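Chemist: Using only what follows, build the 3D model:
(chains A and B)
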Amino acid sequence: MPAPYYVSPEQIMQEKEDFARKGIEKAKEVIVLEYRDGILMVAENPLATVFKISEIYDRIALAATGLYPDYEALRYAGIQGAEIKGFTFNREDVTARWLANQYSQQIGGIYRQSDAKPLEVELLLCEIREDSSSSNRIYHLSFDGTFWEDNEYTVIGGRADEISGILENEYSGGLDLNGAVRLAARTFETIEAEVDEAERYQVTAETIEAAVLDETRNRRKFKRLLPDELSEILSA
Amino acid sequence: MVFSGSDHRTSDFLELLQRERPELLSKFGTGAFGITSLPDSPAVSADFRSFRYAELKGQHVPATSLMDLYDNLLEGTTILAVVYNEGIIIAGDRQATAGFQVGERRIRKVYEVDTYSAIAIAGVAGPAMEMAKLFQVQVEFYEKIEGSQLSLEGKANSLSNMVKSNLPMAMQGLVVVPIFAGYDLKRKEGKIFKYDAIGGQYEESEYYATGSGGKDAQATLKKLYSSDMSRDGALQIVAEALWDAADEDVATGGPDFIREIFPTIKIIDSTGISDIPDSEVKELYTELLDRLRN
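Modeler: Predicted coordinates:
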């Protein structure tokens, strides 16, 4: 019987990382911006039925990119875990910090399993502040389960670094909702123009998906911006 | 699936709890306290009134009998719903009663379920409030997982299943009777769903009241209701019906001007659900009392 090939742990992990990165490189981006009343999430997504942004719990939303079945499973698990925890204890005991740790354990666990494919996902778990004395939280989760906190603006997806570079110059605090939506749209247009200069790319209500966590709302802070609302903001 | 052992995916929260955390639901379905019938004891009759009678006559009653426990349970009383020309109003008094005592003056019996529907509860307060909470999560869970809302009738049917699963508890006297009211976006009208103790579901097209003062409230609504009522007209008859219920039924609380406690009234129309603020309810009752005095 031939001996099995020896593959070093370094090589195994390197190959997993390459695999996951390759998957995410192809992914469309999601921009998350803090604005005056909360957190705005905008994704380039021409599909009207498959969402990249969704409501998890009262103050928590998830923006995801990568392979749809992978992040959809995580989205479902997040809602399920949050609802069970909130029902068992109290709604305010469900926090993004807790959820980020759950995701981290899950994604990291799958990443380290010898016989499993790494999840090809990048997530932003957003939580709007409870009141003016606390601050918004944006947890940035990577395909290997590591996570860190971002603030003001952040991007996930293939060209995240390039888009962050644009936002670094363009972003300013205290934007209102319209300003924030237009900034995100403009940023997508700029990055697309760099790729294909021949034809001017224009962001419309049909090419993007947008939602907010708005602190002026009641218990459920999440709200999807409907195509009509988006058109109005973009055409102004 | 992530965060749990199972790979099965569902948009039914009740099913999820039954699978993942059945201990949280032990009260629904298995019967309270793990018993299925009342204990057989000479002093403790299954009939609440004869038990009371035995106690009043000074006969020996076991101190920690089940009936004592029943005697100390809080019970909710009058709830109602009225359809008006732009939607629906759902309301309830604020008192919970334990035996012959006021158990709680500020309890809430009307809960928002989602943007277009609300539930009101009568019966034993503990399980009733738990059912309302579970129902709210059930509806919201579906909406988040599926990315769309359940139809109004879909929500009503799901509540019927919850009342049905309470049957073993209802057999022991721990009855929960909800009213479900909502605005049907497809048909552009308000709708009332009423339930009996075993989960039977019936639709009412105009008005309905239940609970211990339900009959009195219903009588008032019957006299004053007319089809195509305006918002203000409907609010007036809601206030008057709750007043009559409190007037006739000792277990129903009226407006309390000393403690500033007023019935809960919620209104649902095509723009969604909103609370009638206490100040407006107070105004309604001030006007009603003026009218009654003259």
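
Chemist: Residue of chain A nearest chain B, please.
Modeler: Of all residues in chain A, A:Ala77 sits closest to chain B, at 3.2 Å by Cβ to the nearest Cβ. Glycine gets a C-beta too; all of them are placed from N, C-alpha and C.

Chemist: quick one, strands of chain A?
Modeler: A:30-35, A:38-44, A:53-57, A:60-66, A:121-127, A:137-141, A:147-150, A:153-156, A:208-214, A:222-224 (DSSP state E).

Chemist: Please apply the same query to the stretch 1-150 of chain B.
Modeler: Under the criterion DSSP state E, counting those that start in this stretch, the stretch 1-150 of chain B carries strands at the ranges B:75-76, B:79-84, B:87-92, B:96-98, B:101-104, B:110-114, B:117-124.

Chemist: Hmm, the residue of chain A closest to chain B is touching A:Gln106, no?
Modeler: Yes. Taking contacts as Cβ atoms under 8 Å, A:Ala77 lies within contact range of A:Gln106: 7.0 Å.

Chemist: so what's the residue lying closest to A:Lys221 once chain neighbours are set aside bridging to?
Modeler: Spatially, and ignoring its direct neighbours in sequence, A:Lys221 is nearest to A:Leu213 (4.6 Å; Cβ to Cβ, 6 or more residues apart in numbering or on different chains). Note on A:Leu213: beta-bridge partners by DSSP bridges are A:Ile39, A:Phe222.

Chemist: follow-up on the earlier one: now mean neighbour count and mean pLDDT too, for the strands of chain A, in CSV please.
Modeler: Listed next are the strands of chain A as CSV, based on neighbours: other Cβ atoms under 10 Å in any protein chain shown; pLDDT from 0 to 100:
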stretch, mean neighbour count, mean pLDDT
strand A:30-35, 26, 96
strand A:38-44, 25, 96
strand A:53-57, 24, 97
strand A:60-66, 27, 97
strand A:121-127, 27, 97
strand A:137-141, 22, 97
strand A:147-150, 15, 97
strand A:153-156, 26, 96
strand A:208-214, 24, 96
strand A:222-224, 20, 96
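
Chemist: May I see the ones you listed arranged in JSON lines, with distance to B:Asn157 as well?
Modeler: Listed next are the strands of chain A as JSON lines, based on distance: least, Cβ to Cβ, whole Å:
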{"stretch": "strand A:30-35", "distance to B:Asn157": "37"}
{"stretch": "strand A:38-44", "distance to B:Asn157": "34"}
{"stretch": "strand A:53-57", "distance to B:Asn157": "24"}
{"stretch": "strand A:60-66", "distance to B:Asn157": "29"}
{"stretch": "strand A:121-127", "distance to B:Asn157": "34"}
{"stretch": "strand A:137-141", "distance to B:Asn157": "38"}
{"stretch": "strand A:147-150", "distance to B:Asn157": "41"}
{"stretch": "strand A:153-156", "distance to B:Asn157": "40"}
{"stretch": "strand A:208-214", "distance to B:Asn157": "30"}
{"stretch": "strand A:222-224", "distance to B:Asn157": "26"}
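
Chemist: what does the helix or strand in which B:Asp247 is found contact?
Modeler: Using DSSP states H and E, B:Asp247 sits within helix B:231-248. The contact list for helix B:231-248 (Cβ atoms under 8 Å, 6 or more residues apart in numbering or on different chains) reads B:77-78, B:80, B:82, B:84-86, B:89, B:91-93, B:209, B:211, B:213-214, B:216-221, B:224-226, B:229, B:252-255, B:263, B:265, B:267, B:276, B:281, B:284-285, B:287-288.

Chemist: which parts of chain A sit against chain B?
Modeler: When proximity is defined by Cβ under 8 Å from any Cβ of the partner chain, chain A lies next to chain B at A:49, A:51, A:54-56, A:73-74, A:76-81, A:83-84, A:86-88, A:102-103, A:106, A:220.

Chemist: which of those count as buried?
Modeler: A:51, A:54-56, A:73-74, A:76-81, A:83-84, A:86-87, A:102-103, A:106, A:220 (16 or more other Cβ atoms under 10 Å in any protein chain shown).

Chemist: Is there a quick ChimeraX command that grabs whichever of the contacts of helix B:231-248 are buried?
Modeler: Listed next is the ChimeraX selection for buried residues among the contacts of helix B:231-248, using 16+ other Cβ under 10 Å:
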select /B:77,78,80,82,84,86,89,91,92,93,209,211,213,214,216,217,218,220,221,224,225,229,252,253,254,255,263,265,267,276,281,284,285,288
